[in-house]
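below is the structure, and that's it, no one-letter string:
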């Protein structure tokens, strides 16, 4: 297990969404917020409060990446950050370099760890 992610249980990690509202087609007609929505000052303040104490952040998906980049630019977080695709099943199925889900997840993890490798 990598030194940076030592806990084997996901409950030991902060997991949050880039947008506080639930989006799904049957309710809102869409499955994700717009980038403009996740970049609002109110939403960025919420994320900064949730993430500001962390030393490592993995931003999964376009909206999360945009929000975390904004937080870094605004100096509201000082964490080491890795940027990765969202782990929806459709997205996982598009990860190159493996023919099965475990192999694709391993490739995803390698990509994340590779981004963080040069940092203490």
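That came through fine. These numbers were taken from a predicted model, which means no experiment stands behind them.

and the helices in the chain?
Using DSSP state H, the helices assigned to the chain run over residues 25-28, 35-38, 41-51, 62-73, 89-92, 101-116.

any chance of these in a markdown table, plus mean neighbour count?
All C-beta spots, glycine's among them, are computed from the backbone N, C-alpha and C. Written out in a markdown table, the entries for the helices of the chain read as follows (neighbours: other Cβ atoms under 10 Å):
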| stretch | mean neighbour count |
| --- | --- |
| helix 25-28 | 9 |
| helix 35-38 | 16 |
| helix 41-51 | 15 |
| helix 62-73 | 19 |
| helix 89-92 | 11 |
| helix 101-116 | 14 |
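
between those, which one is nearest to residue 13?
Minimum separation from residue 13 across these (Cβ to Cβ) falls at helix 41-51, 11.5 Å.

the helices of the chain: which one's closest to residue 10?
Evaluated with Cβ to Cβ, those place helix 101-116 nearest to residue 10, the distance being 13.3 Å.

which residues does residue 82 contact?
By Cβ atoms under 8 Å, 6 or more residues apart in numbering, the residues touching residue 82 are 56-59, 111-113, 115-116.

my bad, residue 76
44, 48, 52.

residue 20 too?
So residue 20 contacts 43, 46 (Cβ under 8 Å, 6+ apart).

and what of the one 3 residues further on?
Under the criterion of Cβ under 8 Å, 6+ apart, the neighbours of residue 23 are 30-33.

which two of the residues you listed have the greatest separation?
When the contacts of residue 23 are compared pair by pair using Cβ to Cβ, the maximum separation belongs to 31 and 33, at 9.4 Å.

the more surrounded of those two?
Neighbour count, other Cβ atoms under 10 Å: between residue 31 and residue 33, residue 33 has more, with 20 against 10.

any idea of the pLDDT on the residue nearest to that one when sequence neighbours are not counted?
Residue nearest to residue 33 in three dimensions, not counting chain neighbours: residue 19, with 3.9 Å by Cβ to Cβ, 6 or more residues apart in numbering. At residue 19 the predicted local confidence, pLDDT, stands at 94.
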